[in-house]
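Participant: no letters, just coordinates:
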């Protein structure tokens, strides 16, 4: 018995020490200022932090749920807090989305619908005159709001609490508004560890696997520093999943005819998550399973209506609430994984639908593939957690737009995947900072120019790791 105890003690000691390179890497990013000015410094720091994270994940996987020492959980949570504080103190300027959050938050506080008109529309003249510096920083000013209702309410709450936007006073940039957003969405990022740790316990997995989320350097970088809204949506998705898992027996069926209260609360949390960002719709096939599918869908619709209806009180109401989202869905394209391959393969078929661009055909095909995946998950009665992981993975692979923070949606699910299936995604998340490479040229006004080496460096190893993890399954009928 002494030997296993020594091994566990050594494992825990090594895990604690691996926090050091992650912290140092993020600290280098935090003190380096803008990414566009010092890209090599940023990427070096993130490479150091990423390697420390990959080693920590590998070490966490080496222990089973029964052997895991509980003190590791407290250390992991403290490490996550430290990483978020370091990132919150930085200003890498990887995204200007936060300026739009602040702009739209002000509109809601003033009783104006953020979807009714774009920031540069004539109807917004009064707001532009009141906050000219903020308007100058808003990205895509000709596009109205794309974010759903709960996001708008959250941003308005933060703007009201912060009491100020970004201003330039005496040449020194005041970041009270962006810093408040970073604090808000960074806190939700920290909160994700709670439902994730509960899900790990329900599955009988090691609490050390929490490092998959808690110590991933991309997480504090995107939420505490860049203040992206996704952390709130991910929290609500995982909280709903935790309640769904708790409401099911070992056979996978509901525990009683009327359904446990936890499941109903989970459906309402899912409705809230959908109105932060629409990605929690990935659980829809799981809601449609079983005898109470109709009840769940009715409750989901009631939750969506209850959260959305107050916005009818705004000037403009819900007018144009899909306009900005539609422009994003149909026209936006950035570095992506497989969508470019899909779009390229469809170019010769344009003659079958004259006047239809290849990108429209590509989006239709990508949507049909995701729909087929959702139907397959429903027919095979796949559990909610696995359904969410599969559909999120499919979305990330086929999306025309893959910003680095989109990848954070898949990170919690990697704790539940077998090591071989998780490796390609771990590689992708490790490489995610490379997707910011064109930012230097973009901020200099020369457009978003993706270097020719970027896609193969990221995607070819991803494909190789995917094949290595799947080939045994694919070749199983041929193996002795």
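Facilitator: Right, received. Where do you want to start? Quantities reported herein were computed from a predicted structural model and do not represent experimental measurements.
Participant: outline the domain layout of the protein.
Facilitator: Domain segmentation of the chain under automatic domain parsing yields 97-174, 417-480.
Participant: distance of residue 421 relative to residue 389?
Facilitator: Using CB to CB, to the nearest Å, residue 421 is found at 10 Å from residue 389. In this view, the C-beta of every residue, glycine as well, is placed from N, C-alpha and C.
Participant: I misspoke; the intended subject was residue 120.
Facilitator: On the measure of CB to CB, residue 120 and residue 389 end up 40 Å apart.
Participant: ok, back up a step: for residue 297, which of the domains of the chain is the nearest?
Facilitator: Closest approach to residue 297 among these is made by domain 97-174 (18.5 Å; CB to CB).
Participant: thinking again about what came up before, ok, residue 421 and residue 389, which is more surrounded?
Facilitator: A count of neighbours by other CB atoms under 10 Å puts residue 389 above the other of residue 421 and residue 389, at 23 against 17.
Participant: where does the nearest residue to the more buried one once chain neighbours are set aside land in three-state SS?
Facilitator: Computed as CB to CB, 6 or more residues apart in numbering, the closest residue to residue 389 that is not its neighbour in sequence is residue 413, at 3.9 Å. Classification of residue 413 using DSSP: H, G, I helix; E, B strand; the rest coil returns helix.
Participant: element containing the nearest residue to residue 145 once chain neighbours are set aside?
Facilitator: Residue nearest to residue 145 in three dimensions, not counting chain neighbours: residue 114, with 3.7 Å by CB to CB, 6+ apart. Following DSSP states H and E, one finds residue 114 outside all helices and strands.
Participant: residues in contact with residue 114?
Facilitator: 103, 104, 107, 108, 144, 145, 147, 152 (CB atoms under 8 Å, 6 or more residues apart in numbering).
Participant: do I have it right that the first one meets residue 118?
Facilitator: No. Taking CB atoms under 8 Å as the definition, residue 103 is not a contact partner of residue 118, at 10.6 Å.
Participant: take the contacts of residue 114 and keep only those in helices.
Facilitator: Under the assignment DSSP state H, those contribute 103, 104, 107, 108, 152 to helices.
Participant: how about those residues, which pair is most distant?
Facilitator: Farthest pair in the ones in helices among the contacts of residue 114, by CB to CB: 103 and 152, 11.1 Å.
Participant: run through the stretch 351-480 of the chain and note the low-pLDDT ranges.
Facilitator: Applying pLDDT under 70 to the stretch 351-480 of the chain flags residues 351-359, 472-480.
Participant: what strand or helix carries the closest residue to residue 374 other than its chain neighbours?
Facilitator: Leaving out its chain neighbours, the residue that sits closest to residue 374 by CB to CB, 6+ apart is residue 285, at 4.8 Å. Following DSSP H and E, one finds residue 285 within helix 284-287.
Participant: tell me the buried residues in whichever helix or strand comes after that helix?
Facilitator: Remark: after helix 284-287, the chain's next helix or strand is helix 293-308, criterion DSSP H and E. Residues 295, 296, 299, 300, 303, 304, 307, 308 are the ones in helix 293-308 that count as buried (16 or more other CB atoms under 10 Å).
Participant: of the residues you listed, closest to residue 126?
Facilitator: residue 308 (25.9 Å).
Participant: number of nearby residues for the closest residue to the closest one other than its chain neighbours?
Facilitator: The spatially closest residue to residue 308, leaving aside those adjacent along the chain, is residue 149, at 4.8 Å (CB to CB, 6+ apart). Residue 149 has 22 neighbours, counted by other CB under 10 Å.
Participant: one more: residue 111?
Facilitator: Neighbours of residue 111 using other CB under 10 Å come to 10.
Participant: residue contacts, it?
Facilitator: Here residue 111 is in contact with 313, 314, 315 (CB under 8 Å, 6+ apart).
Participant: at 7 Å instead, please
Facilitator: Residue 111 makes contacts with 314, 315, as judged by CB atoms under 7 Å, 6 or more residues apart in numbering.
Participant: re earlier: for the residue nearest to residue 389, grab the count of nearby residues.
Facilitator: There are 24 residues near residue 413, going by other CB under 10 Å.
Participant: how close does it get to residue 297?
Facilitator: Residue 413 is 24 Å from residue 297, by CB to CB.
Participant: same question, residue 304
Facilitator: Counting by CB to CB, the gap from residue 304 to residue 297 is 11 Å.
Participant: helix or strand for the residue nearest to residue 459 when sequence neighbours are not counted, which one?
Facilitator: Counting by CB to CB, 6+ apart, residue 337 is the residue found nearest to residue 459 once chain neighbours are left out, at 5.8 Å. Here residue 337, judged by DSSP H and E, is contained in no helix and no strand.
Participant: check contacts around residue 337.
Facilitator: Here residue 337 is in contact with 396, 397, 402, 459 (criterion: CB under 7 Å, 6+ apart).
Participant: over to it: give its phi and psi.
Facilitator: The phi and psi values for residue 337, taken as degrees, to the nearest 10, are phi -90, psi -70.
Participant: cool, residue 315 as well?
Facilitator: phi -60, psi 120.
Participant: my guess is it contacts residue 113. True?
Facilitator: Yes. Between residue 315 and residue 113 there is a contact under CB atoms under 7 Å: 6.1 Å.
Participant: those two: who's more crowded?
Facilitator: Set side by side, residue 315 and residue 113 show more neighbours around residue 113, with 23 against 12, by other CB under 10 Å.
Participant: gap between the more buried one and residue 201?
Facilitator: Taking CB to CB, one finds residue 113 at 43 Å from residue 201.
Participant: ok, now residue 37?
Facilitator: In terms of CB to CB, residue 37 sits 44 Å off from residue 201.
Participant: one more: residue 275?
Facilitator: 29 Å.
Participant: who has more neighbours, these two?
Facilitator: Set residue 275 next to residue 201 and count neighbours by other CB under 10 Å: residue 275 wins out with 23 against 14.
Participant: report the contact partners of that one.
Facilitator: 148, 149, 150, 304, 307, 308.
Participant: and if you look at residue 46?
Facilitator: 25, 29, 217, 433.
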